[in-house]
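1. Sequence isn't available, so here's the structure alone:
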(Lines give C-alpha, C1' and ligand atoms only; values in the text may rest on other atoms or scores of the structure.)
Protein backbone atom coordinates (compact mmCIF):
# COMPACT_ATOMS: atom_id res chain seq x y z
CA UNK A 1 0.00 0.00 0.00
CA UNK A 2 2.85 2.39 0.79
CA UNK A 3 4.34 1.80 -2.67
CA UNK A 4 0.99 2.54 -4.31
CA UNK A 5 0.64 5.68 -2.20
CA UNK A 6 4.13 6.92 -3.13
CA UNK A 7 3.52 6.13 -6.80
CA UNK A 8 0.28 8.11 -6.71
CA UNK A 9 2.08 11.01 -5.03
CA UNK A 10 4.79 10.86 -7.72
CA UNK A 11 2.27 11.12 -10.56
CA UNK A 12 0.46 13.93 -8.73
CA UNK A 13 3.75 15.84 -8.51
CA UNK A 14 4.36 15.19 -12.22
CA UNK A 15 0.95 16.65 -12.99
CA UNK A 16 1.53 19.73 -10.82
CA UNK A 17 5.05 20.24 -12.19
CA UNK A 18 3.81 19.94 -15.77
CA UNK A 19 1.15 22.61 -15.40
CA UNK A 20 3.48 24.72 -13.26
CA UNK A 21 6.04 24.46 -16.05
CA UNK A 22 3.46 25.41 -18.68
CA UNK A 23 2.47 28.51 -16.74
CA UNK A 24 6.09 29.40 -15.95
CA UNK A 25 7.11 29.05 -19.61
CA UNK A 26 4.09 31.08 -20.73
CA UNK A 27 4.86 33.76 -18.16
CA UNK A 28 8.47 33.86 -19.33
CA UNK A 29 7.37 34.44 -22.92
CA UNK A 30 4.93 37.13 -21.81
CA UNK A 31 7.55 38.97 -19.74
CA UNK A 32 10.15 38.65 -22.50
CA UNK A 33 7.68 40.10 -24.99
CA UNK A 34 6.88 43.03 -22.70
CA UNK A 35 10.58 43.77 -22.24
CA UNK A 36 10.83 43.92 -26.05
CA UNK A 37 7.68 46.08 -26.37
CA UNK A 38 5.63 43.22 -27.82
CA UNK A 39 2.31 41.76 -26.73
CA UNK A 40 3.50 38.18 -26.71
CA UNK A 41 1.65 34.87 -27.18
CA UNK A 42 -1.19 33.57 -24.95
CA UNK A 43 -0.18 32.34 -21.51
CA UNK A 44 -1.00 28.73 -22.44
CA UNK A 45 0.88 28.83 -25.77
CA UNK A 46 3.55 26.37 -24.51
CA UNK A 47 0.77 23.84 -23.86
CA UNK A 48 -0.64 24.35 -27.35
CA UNK A 49 2.84 23.87 -28.82
CA UNK A 50 3.33 20.58 -26.96
CA UNK A 51 -0.07 19.25 -28.03
CA UNK A 52 0.71 20.14 -31.64
CA UNK A 53 4.07 18.34 -31.47
CA UNK A 54 2.42 15.16 -30.18
CA UNK A 55 0.25 15.18 -33.30
CA UNK A 56 3.22 15.34 -35.66
CA UNK A 57 5.23 12.48 -37.11
CA UNK A 58 8.33 11.26 -35.29
CA UNK A 59 11.35 11.05 -37.57
CA UNK A 60 14.51 9.15 -36.65
CA UNK A 61 17.76 10.09 -38.46
CA UNK A 62 19.28 7.37 -40.60
CA UNK A 63 22.46 5.90 -39.15
CA UNK A 64 21.74 7.10 -35.63
CA UNK A 65 21.18 4.98 -32.54
CA UNK A 66 17.41 4.58 -32.56
CA UNK A 67 16.96 3.40 -28.98
CA UNK A 68 19.21 6.04 -27.43
CA UNK A 69 17.68 8.70 -29.69
CA UNK A 70 14.16 7.86 -28.46
CA UNK A 71 15.09 7.09 -24.84
CA UNK A 72 17.09 10.30 -24.22
CA UNK A 73 14.09 12.64 -23.71
CA UNK A 74 12.39 10.06 -21.46
CA UNK A 75 15.53 9.87 -19.30
CA UNK A 76 15.54 13.63 -18.86
CA UNK A 77 11.84 13.72 -18.01
CA UNK A 78 12.25 10.98 -15.39
CA UNK A 79 15.15 12.91 -13.83
CA UNK A 80 13.14 16.13 -13.55
CA UNK A 81 10.15 14.23 -12.20
CA UNK A 82 12.23 12.63 -9.44
CA UNK A 83 13.82 15.96 -8.52
CA UNK A 84 10.35 17.50 -8.21
CA UNK A 85 9.18 14.48 -6.18
CA UNK A 86 11.96 14.85 -3.60
CA UNK A 87 11.44 18.61 -3.35
CA UNK A 88 7.68 18.42 -2.83
CA UNK A 89 8.07 15.47 -0.50
CA UNK A 90 10.20 17.70 1.76
CA UNK A 91 7.90 20.71 1.36
CA UNK A 92 4.59 18.94 1.98
CA UNK A 93 5.76 16.23 4.37
CA UNK A 94 7.99 17.98 6.85
CA UNK A 95 9.33 14.65 8.13
CA UNK A 96 9.44 13.07 4.70
CA UNK A 97 12.50 12.01 2.79
CA UNK A 98 15.54 10.25 4.19
CA UNK A 99 19.03 11.11 5.36
CA UNK A 100 21.13 12.05 2.36
CA UNK A 101 18.22 12.75 0.00
CA UNK A 102 19.90 16.03 -0.99
CA UNK A 103 22.69 13.99 -2.62
CA UNK A 104 20.18 11.82 -4.47
CA UNK A 105 18.49 15.01 -5.70
CA UNK A 106 21.83 16.34 -6.98
CA UNK A 107 22.35 13.03 -8.77
CA UNK A 108 18.99 13.21 -10.55
CA UNK A 109 19.66 16.84 -11.49
CA UNK A 110 22.33 15.49 -13.84
CA UNK A 111 19.80 13.51 -15.87
CA UNK A 112 18.39 16.40 -17.96
CA UNK A 113 21.84 17.54 -19.11
CA UNK A 114 22.95 13.97 -19.79
CA UNK A 115 19.78 13.30 -21.78
CA UNK A 116 20.42 16.35 -23.98
CA UNK A 117 24.03 15.25 -24.57
CA UNK A 118 22.93 11.69 -25.43
CA UNK A 119 20.34 13.09 -27.83
CA UNK A 120 23.00 15.05 -29.67
CA UNK A 121 25.42 12.15 -29.95
CA UNK A 122 22.70 9.63 -30.94
CA UNK A 123 21.51 11.77 -33.84
CA UNK A 124 24.83 11.33 -35.73
CA UNK A 125 24.41 14.88 -36.93
CA UNK A 126 27.64 16.95 -36.73
CA UNK A 127 25.78 19.96 -35.34
CA UNK A 128 23.86 17.75 -32.93
CA UNK A 129 27.08 16.14 -31.72
CA UNK A 130 28.63 19.59 -31.28
CA UNK A 131 25.64 20.61 -29.17
CA UNK A 132 25.97 17.43 -27.10
CA UNK A 133 29.66 18.12 -26.55
CA UNK A 134 28.87 21.65 -25.41
CA UNK A 135 26.21 20.32 -23.02
CA UNK A 136 28.71 17.98 -21.36
CA UNK A 137 31.30 20.75 -21.06
CA UNK A 138 28.75 23.14 -19.60
CA UNK A 139 27.69 20.47 -17.12
CA UNK A 140 31.29 19.97 -16.00
CA UNK A 141 31.92 23.71 -15.75
CA UNK A 142 28.79 24.54 -13.76
CA UNK A 143 28.79 21.57 -11.40
CA UNK A 144 31.74 22.68 -9.23
CA UNK A 145 30.28 26.08 -8.21
CA UNK A 146 26.85 24.48 -7.67
CA UNK A 147 28.31 21.85 -5.35
CA UNK A 148 30.19 24.54 -3.43
CA UNK A 149 26.91 26.40 -2.95
CA UNK A 150 25.24 23.24 -1.65
CA UNK A 151 28.24 22.67 0.66
CA UNK A 152 27.57 26.10 2.19
CA UNK A 153 23.97 25.04 2.88
CA UNK A 154 25.09 21.84 4.60
CA UNK A 155 27.68 23.68 6.71
CA UNK A 156 25.29 26.46 7.71
CA UNK A 157 22.58 23.98 8.75
CA UNK A 158 25.04 22.13 11.01
CA UNK A 159 25.51 19.16 8.72
CA UNK A 160 21.91 18.64 7.60
CA UNK A 161 21.83 16.37 4.55
CA UNK A 162 18.07 15.87 4.55
CA UNK A 163 15.91 18.37 2.68
CA UNK A 164 13.24 18.52 5.41
CA UNK A 165 15.95 19.19 8.01
CA UNK A 166 17.29 22.10 5.94
CA UNK A 167 13.80 23.61 5.89
CA UNK A 168 13.30 23.00 9.61
CA UNK A 169 16.63 24.60 10.51
CA UNK A 170 15.75 27.80 8.63
CA UNK A 171 12.27 27.93 10.13
CA UNK A 172 13.73 27.83 13.65
CA UNK A 173 16.68 30.10 12.87
CA UNK A 174 16.68 32.40 9.83
CA UNK A 175 16.91 31.94 6.05
CA UNK A 176 20.45 31.30 4.87
CA UNK A 177 19.98 34.05 2.30
CA UNK A 178 20.35 36.74 4.97
CA UNK A 179 23.81 35.52 6.01
CA UNK A 180 26.99 36.53 4.19
CA UNK A 181 28.00 33.06 3.01
CA UNK A 182 24.39 32.11 2.23
CA UNK A 183 23.90 35.23 0.10
CA UNK A 184 27.01 34.44 -1.95
CA UNK A 185 26.01 30.77 -2.28
CA UNK A 186 22.53 31.74 -3.47
CA UNK A 187 23.89 33.75 -6.40
CA UNK A 188 26.40 31.03 -7.24
CA UNK A 189 23.62 28.42 -7.32
CA UNK A 190 21.44 30.75 -9.38
CA UNK A 191 24.07 31.20 -12.11
CA UNK A 192 24.70 27.44 -12.14
CA UNK A 193 20.96 26.80 -12.42
CA UNK A 194 20.81 29.21 -15.36
CA UNK A 195 23.36 27.00 -17.11
CA UNK A 196 21.43 23.83 -16.23
CA UNK A 197 18.32 25.41 -17.73
CA UNK A 198 20.24 26.11 -20.93
CA UNK A 199 19.22 29.77 -20.85
CA UNK A 200 21.12 32.82 -22.05
CA UNK A 201 23.95 33.55 -21.48
CA UNK A 202 24.60 29.79 -21.22
CA UNK A 203 22.47 28.52 -24.13
CA UNK A 204 25.61 27.26 -25.89
CA UNK A 205 24.39 23.71 -26.63
CA UNK A 206 21.25 24.93 -28.43
CA UNK A 207 22.56 28.19 -29.94
CA UNK A 208 19.94 28.43 -32.70
CA UNK A 209 21.78 31.17 -34.61
CA UNK A 210 24.98 29.09 -34.67
CA UNK A 211 24.14 25.36 -34.71
CA UNK A 212 20.39 25.49 -35.39
CA UNK A 213 19.24 23.87 -32.15
CA UNK A 214 22.20 21.56 -31.59
CA UNK A 215 21.03 18.33 -29.87
CA UNK A 216 17.41 19.05 -30.82
CA UNK A 217 18.15 19.54 -34.53
CA UNK A 218 17.01 16.07 -35.62
CA UNK A 219 14.07 15.82 -33.20
CA UNK A 220 10.42 16.10 -34.15
CA UNK A 221 7.03 14.94 -32.96
CA UNK A 222 6.61 13.28 -29.56
CA UNK A 223 10.32 13.10 -28.55
CA UNK A 224 10.71 16.84 -29.11
CA UNK A 225 7.51 17.42 -27.12
CA UNK A 226 8.97 15.43 -24.21
CA UNK A 227 12.11 17.58 -24.30
CA UNK A 228 9.91 20.70 -24.23
CA UNK A 229 8.02 19.34 -21.23
CA UNK A 230 11.32 18.54 -19.49
CA UNK A 231 12.56 22.10 -19.98
CA UNK A 232 9.29 23.61 -18.76
CA UNK A 233 9.29 21.45 -15.63
CA UNK A 234 12.91 22.44 -14.94
CA UNK A 235 11.95 26.09 -15.18
CA UNK A 236 9.23 25.55 -12.59
CA UNK A 237 11.34 23.34 -10.31
CA UNK A 238 14.63 25.25 -10.07
CA UNK A 239 13.19 28.32 -8.29
CA UNK A 240 11.55 25.96 -5.79
CA UNK A 241 14.92 24.28 -5.17
CA UNK A 242 16.67 27.60 -4.56
CA UNK A 243 13.87 28.80 -2.26
CA UNK A 244 14.12 25.55 -0.28
CA UNK A 245 17.90 25.71 0.09
CA UNK A 246 18.36 29.41 0.80
CA UNK A 247 15.01 31.05 1.62
CA UNK A 248 13.41 28.79 4.18
CA UNK A 249 11.26 26.68 1.89
CA UNK A 250 7.59 27.25 1.14
CA UNK A 251 4.56 27.12 3.45
CA UNK A 252 1.02 26.27 2.35
CA UNK A 253 -1.06 27.61 5.19
CA UNK A 254 -2.94 30.92 5.30
CA UNK A 255 -1.01 34.04 4.33
CA UNK A 256 2.17 31.96 4.01
CA UNK A 257 0.87 30.70 0.65
CA UNK A 258 1.10 34.20 -0.84
CA UNK A 259 4.58 34.71 0.63
CA UNK A 260 5.73 31.36 -0.78
CA UNK A 261 4.45 32.27 -4.24
CA UNK A 262 6.17 35.66 -3.94
CA UNK A 263 9.50 33.98 -3.14
CA UNK A 264 9.13 31.69 -6.15
CA UNK A 265 8.26 34.66 -8.36
CA UNK A 266 11.29 36.69 -7.24
CA UNK A 267 13.72 33.88 -8.13
CA UNK A 268 11.88 33.24 -11.40
CA UNK A 269 12.07 36.93 -12.36
CA UNK A 270 15.83 36.93 -11.76
CA UNK A 271 16.14 34.03 -14.21
CA UNK A 272 14.08 35.91 -16.81
CA UNK A 273 16.03 39.16 -16.36
CA UNK A 274 19.37 37.39 -16.71
CA UNK A 275 18.12 35.77 -19.89
CA UNK A 276 16.96 39.02 -21.45
CA UNK A 277 19.82 41.31 -20.45
CA UNK A 278 22.88 39.24 -21.41
CA UNK A 279 24.40 38.05 -24.68
CA UNK A 280 25.40 34.45 -25.28
CA UNK A 281 28.99 33.75 -24.23
CA UNK A 282 31.52 31.40 -25.83
CA UNK A 283 32.36 28.01 -24.35
CA UNK A 284 35.84 29.18 -23.27
CA UNK A 285 34.29 32.22 -21.59
CA UNK A 286 31.87 29.92 -19.74
CA UNK A 287 34.78 27.81 -18.50
CA UNK A 288 36.67 30.88 -17.28
CA UNK A 289 33.55 32.22 -15.58
CA UNK A 290 32.55 29.03 -13.73
CA UNK A 291 36.04 27.79 -12.84
CA UNK A 292 37.37 31.30 -12.23
CA UNK A 293 35.35 33.98 -10.41
CA UNK A 294 32.34 31.81 -9.56
CA UNK A 295 34.38 28.90 -8.13
CA UNK A 296 36.60 31.40 -6.29
CA UNK A 297 33.58 33.11 -4.72
CA UNK A 298 32.24 29.64 -3.87
CA UNK A 299 35.43 28.80 -1.97
CA UNK A 300 35.18 32.12 -0.11
CA UNK A 301 31.56 31.32 0.76
CA UNK A 302 32.55 27.92 2.15
CA UNK A 303 35.28 29.53 4.30
CA UNK A 304 32.81 32.14 5.58
CA UNK A 305 30.30 29.40 6.37
CA UNK A 306 32.91 27.48 8.36
CA UNK A 307 33.58 30.66 10.35
CA UNK A 308 29.85 31.08 11.02
CA UNK A 309 29.41 34.16 8.84
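-> Done, it's in. Because the structure is a prediction, the values reported are computed rather than measured.
2. check which helix or strand covers the nearest residue to residue 193 once chain neighbours are set aside.
-> Using C-beta to C-beta, 6 or more residues apart in numbering and skipping the chain neighbours, the partner closest in space to residue 193 is residue 238 (4.7 Å). Quick note: C-beta positions are derived from backbone N, CA and C, even for glycine. Following DSSP states H and E, one finds residue 238 within helix 221-246.
3. average model confidence for that helix?
-> What helix 221-246 shows for mean pLDDT is 96.
4. report the angle between the axes of the next helix or strand after that helix and helix 221-246?
-> With elements assigned by DSSP H and E, the helix or strand that comes after helix 221-246 is helix 256-276. Relative orientation of helix 256-276 versus helix 221-246 (axes from the mean of the first three to the mean of the last three C-alpha atoms, to 10 degrees): 120 degrees.
5. Give me the buried positions along helix 256-276.
-> 260, 263-264, 267-268, 270-272, 274-275 (16 or more other C-beta atoms under 10 Å).
6. The stretch 101-250 of the chain: helices as residue ranges?
-> 101-108, 110-122, 126-156, 163-172, 180-197, 208-211, 221-246 (DSSP state H, counting those that start in this stretch).
7. packing partners for the longest one?
-> Looking back up the chat, that one is helix 126-156. If contacts are counted by 3 or more C-beta pairs under 8 Å, 6 or more residues apart in numbering; DSSP states H and E, helix 126-156 sits against helix 101-108, helix 110-122, helix 180-197, helix 208-211, helix 221-246, helix 283-289, helix 295-306.
8. pull the helix or strand with minimum mean pLDDT from the protein.
-> The helix or strand of the chain with the poorest confidence is helix 208-211; it has a mean of 82 (mean pLDDT, DSSP states H and E).
9. Give me the contacts around that one.
-> Contacts of helix 208-211 with the rest of the structure, by C-beta atoms under 8 Å, 6 or more residues apart in numbering, involve 127, 130-131, 217.
10. if you set the cut-off to 10 Å instead, what comes out?
-> 120, 125-131, 134, 203-205, 214, 216-217, 280 (C-beta atoms under 10 Å, 6 or more residues apart in numbering).
11. Only whichever of the residues you listed are buried, select them in PyMOL.
-> A single PyMOL command selects the buried members of the contacts of helix 208-211 (16+ other C-beta under 10 Å):
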select buried, resi 120+125+127+128+129+130+131+134+203+204+205+214+216+217+280
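12. Perfect, I'm done here.
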